[in-house]
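Q: one predicted model, sequence on top.
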Amino acid sequence: MKLNKYSIRQRREFIKDIILDAKPNTSTTLVYHYEYEVILLNKAFINSLKKKAAAKNFTLEFAVYTA
């Protein structure tokens, strides 16, 4: 599966905004209908964003909704 670099960059900015807006000691779960979206988000969640989230003790999870 080839991942679109532009899509990953977009999601990286999206995750960064979520982390910056998050309150300390909170958790957020992003739920998507397609596994491809979760793959892109996991790829975009780079170490620098993980460190920012850890500094706030903020947990960010990605999930796929299947009916």
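A: Thanks, I have it. Numbers count the residues shown, from 1 in each chain.
Q: mind listing what's buried in the longest helix along the chain?
A: Identified as the longest helix of the chain according to DSSP state H is helix 5-21. Neighbour-count burial for helix 5-21 flags 8, 11-12, 15-16, 19 (criterion: 16 or more other C-beta atoms under 10 Å). Where C-beta positions appear, they are placed from N, C-alpha and C, glycine not excepted.
Q: same question for stretch 37-46.
A: Applying a neighbour-count criterion of 16+ other C-beta under 10 Å, one finds 37-41, 44-45 buried in stretch 37-46.
Q: other residues contacting it?
A: With C-beta atoms under 8 Å, 6 or more residues apart in numbering as the test, stretch 37-46 has contacts from 1, 3-4, 7-9, 11-12, 14-15, 30, 32, 60, 62-64.
Q: from those residues, pick the one nearest Lys23.
A: Using C-beta to C-beta, the shortest approach to Lys23 within the contacts of stretch 37-46 belongs to Leu60, at 12.8 Å.
Q: who's that closest one bridged to?
A: Leu60 has these beta-bridge partners by DSSP bridges: Thr28.
Q: burial of it, as a residue count?
A: Around Leu60 there are 18 other residues, counting by other C-beta atoms under 10 Å.
Q: swap in the one 4 residues further on?
A: Residue crowding around Val64 was assessed by other C-beta under 10 Å; the count is 13.
Q: now do stretch 15-31: distance to the chain's middle.
A: Distance of stretch 15-31 from its chain centroid, counting by C-alpha atoms, centre = their mean, to the nearest Å, is 9 Å.
Q: just the endpoints, please. Distance across it?
A: The first residue of stretch 15-31 is 13 Å away from its last residue (C-alpha to C-alpha, to the nearest Å).
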